[in-house]
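Participant: With the sequence up front, the predicted model follows.
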Amino acid sequence: MKEYMFALGKNWILSIAELVAYLENRAMRVRVMDHSKHVVVVRVDQEMDDEAVAEMQSSLGGCFKTAEVIASYDCRLFARAYPVRGSFSKRERTEVLAAPWADHVWKNIAGKRVNFGISTYPVGENDSIDIVRLTRNLSEAVKQKLLDAGAKRASYYLYEEPDRRNPNRPNTALWPQTIAKHNLLHPPNAEVLVGITDSRIYIGRTLSVYDSVLQQYRDEARPYVSAEISTSPKMCRTLLNLAGVRPGCTVLDPFCGTGTLLMEAALLGMRCIGVEIDGDAARGARSNLKWLGAEMEEVLDFEIIKGDARQLPEIIHDRVDAIATEPHLGPVYVEPPTREQVQQTIRELTELYNEFLKVAPLVLGDSGRIAMTLPVINSEDGQSHRIDITKLLRDTELMVYPLLPKDVLRPVLKKPKALALKPERQTLPERKRGQVVQREVIVLGRG
């Protein structure tokens, strides 16, 4: 058994569901041991080597850091040592700053130069622990410990800019770009994660981080971009993992647009088939995949077909292992539409998706899954409108594949309502604040 800690993206529940799906798809027994809105700790039945960890991190869309758990504490110790308000316990602060776990991270460092960073992740918006003071003091304590152990030099990095998602919240975590810039994952350098939940403090040594620079380059340098019909590369990877595909599998995107999802699938070593009804977008997708192949110096195995997703059996002549897609989500609204406009859009999209799902099993392998997004449209009266799942699946042979299976959640794990993980979910939200059209994710399979 081995415990790992993951730093979660802003859609934290979806990130956990994707992680569970990834591990289970590789025949690992996984248990969610603890979590907050920023980190999750999972236990798997086998230890992964460096290559497996790097492959996992590069495949995930929702988690952006992977660490091995090397120590854990009752969070009351840290709360008494570093309270947000009131006096602190000198004895317990001394215990925290002793940092015995550092001996696991750094060994035989006499005469070496060491760069490191400590990234602290809180429970949520409010925390009983002064994480800014904790991170600074712990960094200084570890620096001194390294110098006492014979390091020639010890330096640490702090992220002191405002949080990019909430400017009013202190940020005590290094971004992946900073870690890569300062080579913090190359020994004797290191990054240490301090993950805080409502009951425990977890200390982890970072093993791998998300390559955001490469993602940004792919997003901006590809020859054909259409912001109106593109989804994010991270969301694409999440859909691929929920669909259960692995390197070597054949994945179909029947609403492929400009090929963003197929590009991510190709990078992960999959054979890609895209169907797109719009001729310009189909040509753009073909150009993007060719460009990606040239960048990778590889001949990618892909096919882009101009066609209608409702006519897949006439277009696709071989069975595919999985389907992952963000379909057409309706009009691009500048302002929230009226309730009547939304209801009309929902009816039209339900009919489109239903016709696609009636024929999709004819090209899908027997055990294959379909992972797709559905629109959640906010009308001008403040109401959110969704696709009715019963109508979506009417006259199809598909059923909902539950997300966050009950048996992966630790039974004794009782959380405050804001942190609760509801098992067996039909859909999970993928929302961005302020958007008129938001998304939720659903996974389907044969009954």
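Facilitator: Good, I have the coordinates.

Participant: Just the mean pLDDT for whichever strand or helix holds residue 120, thanks.
Facilitator: Secondary structure assignment for residue 120, by DSSP states H and E: strand 113-121. If you average the pLDDT over strand 113-121, you get 97.

Participant: now it, how far from the centre of its chain.
Facilitator: 23 Å (C-alpha atoms, centre = their mean, to the nearest Å).

Participant: Using PDB, write out the CA atom coordinates for that strand.
Facilitator: Output of strand 113-121 as PDB, limited to C-alpha atoms (Å, rounded to 0.1, in the frame of the first residue of the first chain):
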ATOM      1  CA  ARG A 113      23.700  23.200  -2.800                       C
ATOM      2  CA  VAL A 114      20.000  22.800  -2.200                       C
ATOM      3  CA  ASN A 115      17.100  24.800  -3.500                       C
ATOM      4  CA  PHE A 116      13.600  23.900  -2.200                       C
ATOM      5  CA  GLY A 117      10.100  25.200  -1.800                       C
ATOM      6  CA  ILE A 118       7.300  24.500   0.600                       C
ATOM      7  CA  SER A 119       3.700  24.800  -0.800                       C
ATOM      8  CA  THR A 120       0.900  24.900   1.700                       C
ATOM      9  CA  TYR A 121      -2.700  24.200   0.700                       C
END
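
Participant: Give the buried residues for the helix or strand that it is followed by.
Facilitator: Using DSSP H and E, the helix or strand that follows strand 113-121 in sequence is helix 131-148. Residues 131-139, 141-143, 145-146 are the ones in helix 131-148 that count as buried (16 or more other C-beta atoms under 10 Å). Backbone N, C-alpha and C define where each C-beta goes, glycine included.

Participant: average pLDDT across stretch 362-381?
Facilitator: 96.

Participant: same thing with stretch 73-91?
Facilitator: Stretch 73-91 comes out at a mean pLDDT of 96.

Participant: still on that earlier bit, which neighbouring elements make contact with the strand holding residue 120?
Facilitator: For strand 113-121, the packing partners by 3 or more C-beta pairs under 8 Å, 6 or more residues apart in numbering; DSSP states H and E come out as helix 131-148, strand 153-157, strand 190-196.

Participant: contacting residues around the second one?
Facilitator: Where contact means C-beta atoms under 8 Å, 6 or more residues apart in numbering, the residues beyond strand 153-157 that reach it are 113-118, 139-140, 142-144, 146-147, 174, 178, 182, 184.

Participant: Now do the buried residues in whichever helix or strand comes after it.
Facilitator: Per DSSP H and E, strand 153-157 leads on to helix 176-181 as the next helix or strand towards the C-terminus. Buried positions in helix 176-181, judged by neighbour count with 16+ other C-beta under 10 Å: 176, 178-180.

Participant: ok so residue 48 is a strand residue?
Facilitator: No - assigned with DSSP: H, G, I helix; E, B strand; the rest coil, residue 48 falls outside any strand and is coil.

Participant: That one: how many residues sit nearby?
Facilitator: 19 (other C-beta atoms under 10 Å).

Participant: Is it correct that it is in contact with residue 2?
Facilitator: Yes - here residue 48 reaches residue 2: they are 7.4 Å apart, a contact under C-beta atoms under 8 Å.

Participant: which SS class is residue 357?
Facilitator: helix.

Participant: OK, contacts around it?
Facilitator: Counted by C-beta under 8 Å, 6+ apart, residue 357 has contacts 370, 392-393, 396, 398, 444.

Participant: middle-most residue in the protein, spatially?
Facilitator: residue 62 (0.5 Å; C-alpha atoms, centre = their mean).

Participant: low-confidence ranges in the stretch 101-250 of the chain?
Facilitator: 125-126, 160-170, 227-230 (pLDDT under 70).

Participant: Try it again at 80.
Facilitator: Applying pLDDT under 80 to the stretch 101-250 of the chain flags residues 124-127, 159-171, 212-221, 224, 226-230.

Participant: Now do the strand ranked longest in the chain: which elements does it pack against?
Facilitator: Taking DSSP state E as the criterion, the chain has its longest strand at strand 63-74. For strand 63-74, the elements it packs on are strand 2-8, helix 12-25, helix 50-59, helix 102-105, strand 190-196, strand 200-209, judged by 3+ C-beta pairs under 8 Å, 6+ apart.

Participant: Could you export those to a markdown table, including columns for distance to residue 44 and mean neighbour count?
Facilitator: A markdown table is the format used below for those (distance: least, C-beta to C-beta, whole Å; neighbours: other C-beta atoms under 10 Å):
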| stretch | distance to residue 44 | mean neighbour count |
| --- | --- | --- |
| strand 2-8 | 6 | 23 |
| helix 12-25 | 6 | 23 |
| helix 50-59 | 10 | 16 |
| helix 102-105 | 19 | 17 |
| strand 190-196 | 17 | 25 |
| strand 200-209 | 13 | 22 |
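
Participant: got TSV for these, with distance to residue 85 too?
Facilitator: Below are the helices and strands packed on strand 63-74 laid out as TSV (distance: least, C-beta to C-beta, whole Å):
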stretch	distance to residue 85
strand 2-8	27
helix 12-25	27
helix 50-59	37
helix 102-105	29
strand 190-196	17
strand 200-209	19
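
Participant: Residue 388: which of the ones you listed is closest?
Facilitator: The closest of the helices and strands packed on strand 63-74 to residue 388 is helix 12-25. By C-beta to C-beta, the value is 21.2 Å.

Participant: how about the helix or strand following the closest one as CSV, C-alpha atoms only?
Facilitator: Downstream of helix 12-25, the first helix or strand assigned by DSSP H and E is strand 30-35. Provided in CSV are the C-alpha atoms of strand 30-35 (Å, rounded to 0.1, in the frame of the first residue of the first chain):
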residue,chain,number,x,y,z
VAL,A,30,-7.8,2.9,-4.8
ARG,A,31,-9.3,4.4,-1.7
VAL,A,32,-9.8,8.2,-1.1
MET,A,33,-8.5,8.6,2.4
ASP,A,34,-8.9,12.3,2.9
HIS,A,35,-9.4,15.6,1.0
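
Participant: The helices and strands packed on strand 63-74: which one's closest to residue 279?
Facilitator: The nearest among the helices and strands packed on strand 63-74, by C-beta to C-beta, is helix 50-59 at 31.8 Å.

Participant: Show me what the closest one is packed up against.
Facilitator: Using 3+ C-beta pairs under 8 Å, 6+ apart, helix 50-59 is in contact with strand 63-74, strand 200-209, helix 233-242.

Participant: hmm, who's touching the longest strand of the chain?
Facilitator: Taking C-beta under 8 Å, 6+ apart as the rule, strand 63-74 contacts 2-9, 15, 18-19, 40-41, 53, 56-57, 100-101, 104-105, 119, 176, 191, 193, 199-210, 212.
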